[in-house]
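Novice: sequence unknown, structure follows:
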């Protein structure tokens, strides 16, 4: 239930005060009264009315003087004031405007006109109060948004943009808390990188990694994957967490094919420099436990489970430029890709042969 607007009636004639007070009270307004200018100013300061109905002719202090004092106080500079008088309206209206009044009513007062003017001025005051509150908190909100952007920028150095935005917004359940979810995991690395690193200068190695990471990173973001870790030339990416994706297996495969195409361009440049490198990928789908891994001040967002081991093993088994996918991934993308069935592969850590497929190309 909203609080009724408070209206201060200022008149040295009790009969006039009662007439206005009864009329406004019946309409649901909270009524305050004052019989002099000094008492009116005191009520304005202590009661904070929303509107003042101010008689012009009063002993000691006229309504015009009261209005000027109200306008001279920054706290009440925009408080609606309606001057009420039985004097010549033409002359008094000019004096009232010069004193800072918002409106003018002549006695005897027309009740409908009074109520209409009161409603109009209270609407204006409400809008002004909203604007004043908005301005009052603007600096605070801007500072909070700047701090949020700075925090988001720092988090993006360690987490994927999707995860960083979830952490900062607080719109979802704590994404860093351990939870189970079905994900599609992608492992990739450069073939021949170890021997390349052993026989090349550190500057050359870092140059290759910078080019490689930059190109792969763009594709990870483009396909909304979550980068779990860099390990030199190796990367682990998963899909469907923290952002849920209905087509996670297809996104993973499309990303891997795009990566292979991009790496082909890099390989052509690297070959001219005498670098003998290549590229392989493994993709698996299954449930994993996901959450923050690390310690205060340095956290990673990681996934643990058989699915991550399977993706890593498929990547290790992949020949140069091969993208090996598990049976479950193939079931989710078979209409979108052309593959080579490799049958069952014997992989370390798995007691039975694991069906695997080599992605040849995407179907148009």
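Specialist: On my side now, so go ahead. In this text the structure is predicted, and so the values were computed from the model without any measurement. Numbering: from 1, shown residues only.

Novice: looks to me like residue 330 is in a helix.
Specialist: Yes: under DSSP: H, G, I helix; E, B strand; the rest coil, residue 330 sits within a helix.

Novice: buried set for stretch 180-198?
Specialist: Of the residues in stretch 180-198, those buried by neighbour count under the rule 16 or more other Cβ atoms under 10 Å are 183, 184, 185, 186, 187, 188, 189, 190, 191, 193, 196, 197. Placement of C-beta: from N, CA and C, glycine included.

Novice: TSV please, covering the residues you listed and showing distance to residue 335.
Specialist: Below are the buried residues of stretch 180-198 laid out as TSV (distance: Cβ to Cβ, whole Å):
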residue	distance to residue 335
183	21
184	16
185	22
186	20
187	24
188	24
189	29
190	31
191	30
193	34
196	38
197	40
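
Novice: show me which pair in those is furthest apart.
Specialist: 183 and 196 (31.1 Å; Cβ to Cβ).

Novice: residue 226 contacts residue 239, correct?
Specialist: Yes: between residue 226 and residue 239 there is a contact under Cβ atoms under 8 Å: 7.2 Å.

Novice: what about the nearest residue to residue 113 once chain neighbours are set aside, helix or strand, and which?
Specialist: Of all residues not flanking residue 113 in the chain, residue 105 sits nearest, at 6.9 Å (Cβ to Cβ, 6 or more residues apart in numbering). Taking DSSP states H and E as the criterion, residue 105 maps to strand 103-106.

Novice: what's the mean pLDDT across that strand?
Specialist: Average pLDDT, strand 103-106: 86.

Novice: remind me what it packs against, helices and strands.
Specialist: Taking 3 or more Cβ pairs under 8 Å, 6 or more residues apart in numbering; DSSP states H and E as the contact definition, the neighbouring helices and strands of strand 103-106 are strand 81-85, helix 89-99, helix 111-156.

Novice: who's in contact with the shortest one?
Specialist: Put plainly, it is strand 81-85. Residues outside strand 81-85 that contact it (Cβ atoms under 8 Å, 6 or more residues apart in numbering) are 11, 51-57, 63-64, 67, 70-71, 92, 96, 99-107, 109, 117-118, 121.

Novice: before we move on, the earlier item: okay, and which of the buried residues of stretch 180-198 map to helices?
Specialist: Members of the buried residues of stretch 180-198 lying in helices (criterion: DSSP state H): 193, 196, 197.

Novice: roughly how far is the helix or strand hosting residue 237 from the heart of the chain?
Specialist: Using DSSP H and E, residue 237 sits in strand 234-239. Per Cα atoms, centre = their mean, to the nearest Å, the displacement of strand 234-239 from the mean C-alpha position of its chain is 26 Å.

Novice: before we move on, back to that, any of the contacts of strand 81-85 buried? List them.
Specialist: Buried members of the contacts of strand 81-85, scored by 16+ other Cβ under 10 Å, are 11, 51-56, 63-64, 67, 70-71, 92, 96, 99-106, 109, 117-118, 121.

Novice: picking up where we left off before, partner strands of the strand holding residue 105, parallel or antiparallel?
Specialist: Strand 103-106 has the following sheet partners, assigned by DSSP bridges: strand 81-85 (parallel).

Novice: average model confidence for the strand it pairs with?
Specialist: The predicted model assigns strand 81-85 a mean pLDDT of 89.

Novice: ok, stretch 288-295 next?
Specialist: Mean predicted confidence for stretch 288-295 is 82.

Novice: flag every buried residue along it.
Specialist: Within stretch 288-295, the residues scored as buried using 16+ other Cβ under 10 Å are 288, 290, 291, 292.

Novice: I'd say the third one and residue 302 touch.
Specialist: Yes: counting by Cβ under 8 Å, residue 291 does reach residue 302; the two are 7.3 Å apart.

Novice: picking up where we left off before, and the helices and strands packed on strand 103-106 as TSV, adding distance to residue 318?
Specialist: Output for these, formatted as TSV (distance: least, Cβ to Cβ, whole Å):
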stretch	distance to residue 318
strand 81-85	82
helix 89-99	85
helix 111-156	30
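
Novice: winner for burial among these?
Specialist: Most buried of these, by mean neighbour count (mean count of other Cβ atoms under 10 Å): strand 81-85, with a mean of 24.

Novice: and that strand, how far out from the chain's middle?
Specialist: Distance of strand 81-85 from its chain centroid, counting by Cα atoms, centre = their mean, is 48 Å.

Novice: the longest strand anywhere in the chain - contacts with which helices or strands?
Specialist: Assignment by DSSP state E gives strand 278-295 as the longest strand of the chain. Packed against strand 278-295, as judged by 3+ Cβ pairs under 8 Å, 6+ apart, are the following elements: strand 179-191, helix 248-272, strand 298-304, helix 306-317, strand 323-326, helix 327-333.

Novice: got the contact list for residue 114?
Specialist: Contact partners of residue 114, counting by Cβ under 8 Å, 6+ apart, are 20, 23, 105.

Novice: residue 309: neighbour count?
Specialist: When counting by other Cβ atoms under 10 Å, one arrives at 19 neighbours for residue 309.

Novice: just say helix, strand or coil for the residue nearest to it when sequence neighbours are not counted.
Specialist: Nearest residue to residue 309, sequence neighbours excluded (Cβ to Cβ, 6+ apart): residue 349, at 5.8 Å. When classified by three-state DSSP, residue 349 comes out as coil.

Novice: sweet, I'm off.
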